[in-house]
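[1] Need coordinates for the following:
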Amino acid sequence: MTTRHADAHLWRLGGVLIMGAVLSILDATIVSVGIGSIAHDLGSSITAVQWVSSAYLLAASLTIPLSGWLTDRFGGKNVWVGAVVLFTAGTLLCGFAWSAPALILFRVLHGLGGGLMQPVGQALFAQAAGPKLGRMIGVITLPATVAPVLGPLLGGLLVQGLGWRWLFFGIVPLGVATLVLALRLLPTAEPPETDEPARADARDPAASTGSAVDEQSDLAVPAESAARTGSAARTGSAVQARPAESAGLAVAAKPTVRTGSAKLGPTQRTPRRDPLDVRGLLLLPPGLGALGYGLGDGSGVFAIVGVVLLVAYGLHARTARAPLLDLKLFSHKEFAVASASTFLLGASLYSSMLLLPLYYEQVEHTSALTAGLLLAPQALGSAVVLLLGGKLLVRFGPRTMMLAGIGLSLLGTIAFTQLGDGPSPLLLTASLLIRGLGLGATTTPGMTMLYGSLDRSRIPRAASAVNVVNRIGGSLGTALLVAVLHSEPGGAGAFGATFTWALGLSVLSLVPAVFFPKGARK
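    Numbering: from 1, shown residues only. From the prediction side, this is the model:
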């Protein structure tokens with residue numbers, strides 16, 4: 001297969017996974033617009049109906065830590081398709097809900113599927129992309145930036161035009177289309193095996209020599225696998241891929257590696273069947289859920305329970321043979337640095353995104369639809385940089401790109417610290433665009449660092465860990481900013497003071513950024 005054909009297949013795979021990511025993220029934000037209409041129609045209180053949003057997020061917290069084990073056990077395609085089915089079924093049931101408790105129950109089902117889609121999708125794409133990850137990761141992460149803006153915008157249109165039930169019915173066709181395309185385009189994969197995995201290290205010099213292709217595959221296998229035999233990867237050489245090596249690469253028929261005329265003997269292959277970490281399952285997901293709910297709702301008891309459960313899980317994971325979330329991943333320097341960056345960015349830049357629609361709705365008294373339109377420059381800025389992220393990464397390197405992204409985000413936040421002085425709408429619009437450019441610039445080097453140097457067999461567990469870290473960082477940052485907002489006198493000045501805190505948190509994200517590699521990944 002030609003490199004161009006392999007790239008086309010990878011882009012199609014990315015397109016399907018993007019659709020799933022849009023479904024998951026869009027649905028987490030779209031419902032907030034219709035809370036008032038839902039409460040009125042179902043004869044319930046606003047407080048009770050707020051659980052419609054909380055139930056989804058809490059359910060997602062339960063399945064995110066499970067995503068790595070499920071992918072290892074059943075294969076990435078099977079898990080991802082199952083998550084789309086669960087998500088779409090939950091969406092349809094939500095549209096038919098007859099009471100607030102029924103809607104909340106269906107949202108739990110909804111969230112169980114949605115929580116799996118993002119980490120499993122990231123793992124599928126990272127494994128399939130191999131050394132091309134840095135060039136293409138911006139596209140797969142684009143929904144995380146654009147969907148939060150599109151959610152309120154689309155939600156406002158649906159509620160005003162068709163009613164709140166279409167917040168769910170309107171997504172069902174997209175879910176069905178995603179499922180059909182996934183069944184057709186996602187490569188069949190089996191659970192990973194325990195023999196020596198091929199590395200997807202973007203720094204490997206062999207990465208620039210081309211791809212070795214399995215004769216029975218319709219997807220290129222990165223040349224690094226062939227390089228491990230001691231020979232340089234050459235055009236025309238073939239590498240038999242392991243069946244479950246990637247939960248996203250094509251299945252090979254024989255456990256033999258060939259490079260030119262040289263032939264290596266078969267390796268010992270045992271399907272990876274790690275038992276479920278039941279104790280970890282009882283500690284980590286409930287801990288994440290309790291922490292997220294406690295911080296979001298201001299409940300100190302739940303937050304403390306969450307912290308205790310997470311600490312208990314950490315102690316358990318140190319001695320467990322196959323922990324639910326592998327903490328040993330953080331002993332890998334590049335993964336640890338990128339994870340620290342993810343945590344701090346989640347706690348500062350991304351959590352402050354919550355303040356923007358609140359400011360426009362509560363201070364400027366705009367509708368959710370108008371607030372979504374006003375936030376569009378930030379999404380536009382992020383989209384532009386993400387689409388160019390691969391080229392920028394090669395040109396400037398991870399460290400420069402990350403530092404520049406954080407710097408732009410800080411610059412774009414300064415105007416919002418002066419909200420009490422009434423800055424002009426034009427200045428705020430320009431600041432949002434600059435913030436978007438910065439947010440987009442931090443994504444590509446961060447994601448490439450997280451996955452680029454790990455063995456493919458470890459990527460599903462890494463994706464689970466990354467999403468857990470991001471969720472904890474976002475929850476802590478959001479809780480801090482909301483607490484600051486409530487402690488200040490009302491009005492625009494309160495938002496200005498809160499953005500000052502967000503600016504201070506953002507400065508902390510510069511610390512791990514200086515430890516990113518200086519040279520570009522090829």
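[2] how about the nearest residue to Y359, chain neighbours excluded?
    F495 (4.7 Å; C-beta to C-beta, 6 or more residues apart in numbering). (C-beta placed from N, C-alpha, C; glycine too.)
[3] Tell me which other helices or strands the helix or strand harbouring the one you found touches.
    Following DSSP states H and E, one finds F495 within helix 492-508. Applying 3 or more C-beta pairs under 8 Å, 6 or more residues apart in numbering; DSSP states H and E, we find helix 492-508 packed against helix 355-362, helix 398-414, helix 459-487.
[4] I'd like the average pLDDT over that helix.
    Mean pLDDT, helix 492-508: 85.
[5] again with stretch 397-410
    Averaged over stretch 397-410, pLDDT sits at 90.
[6] out of the helices and strands packed on helix 492-508, which comes closest to T442?
    Set against T442 and scored by C-beta to C-beta, the helices and strands packed on helix 492-508 come closest in helix 398-414, at 3.8 Å.
[7] quick one, that closest one and helix 492-508 angle?
    Calculated by axes from the mean of the first three to the mean of the last three C-alpha atoms, to 10 degrees, helix 398-414 forms an angle of 170 degrees with helix 492-508.
[8] Contacts for helix 398-414 next, please.
    The set of residues external to helix 398-414 that reach it, using C-beta atoms under 8 Å, 6 or more residues apart in numbering, is 341, 345, 349, 352, 385, 392-393, 396, 431-446, 448-449, 499, 502-503, 506-507, 509-510, 513-514, 516-518, 520-521.
[9] Swap in 7 Å and give it another go.
    Defining contact as C-beta atoms under 7 Å, 6 or more residues apart in numbering, one finds that helix 398-414 is touched by 349, 392-393, 431-432, 434-435, 437-439, 441-442, 444-446, 448-449, 499, 502-503, 506, 509-510, 513-514, 516-518, 521.
[10] Would you mind identifying the next helix or strand past that helix?
    Using DSSP H and E, the helix or strand that follows helix 398-414 in sequence is helix 425-452.
[11] And that following helix, what does it pack against?
    If contacts are counted by 3 or more C-beta pairs under 7 Å, 6 or more residues apart in numbering; DSSP states H and E, helix 425-452 sits against helix 133-140, helix 333-345, helix 376-396, helix 398-414, helix 459-487.
[12] need those in CSV with mean neighbour count and distance to G76, can you?
    Formatted as CSV, the helices and strands packed on helix 425-452 follow (neighbours: other C-beta atoms under 10 Å; distance: least, C-beta to C-beta, whole Å):
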stretch, mean neighbour count, distance to G76
helix 133-140, 24, 14
helix 333-345, 22, 19
helix 376-396, 20, 23
helix 398-414, 22, 26
helix 459-487, 22, 7
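[13] can I get those in a markdown table with distance to R107?
    As requested, the helices and strands packed on helix 425-452 are arranged in a markdown table below (distance: least, C-beta to C-beta, whole Å):
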| stretch | distance to R107 |
| --- | --- |
| helix 133-140 | 26 |
| helix 333-345 | 27 |
| helix 376-396 | 25 |
| helix 398-414 | 32 |
| helix 459-487 | 18 |
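[14] per-stretch mean pLDDT over those, give me the minimum one.
    Per-stretch mean pLDDT for those is lowest at helix 133-140 (a mean of 65).
[15] Tell me how many other residues crowd the closest residue to T500 other than its chain neighbours.
    Leaving out its chain neighbours, the residue that sits closest to T500 by C-beta to C-beta, 6+ apart is T417, at 4.6 Å. Using other C-beta atoms under 10 Å, the number of residues around T417 comes to 19.
[16] How is this structure divided into domains?
    Domain segmentation of the chain under automatic domain parsing yields 1-186, 209-266, 277-323, 325-517.
[17] With adjacent residues omitted, what lies nearest to the residue nearest in space to the middle of the chain?
    Centre of the chain computed as the mean C-alpha position; nearest residue by C-alpha atoms, centre = their mean is Q118, 5.1 Å away. Once flanking residues are discounted, Q118 sits nearest to S24: 5.4 Å by C-beta to C-beta, 6+ apart.
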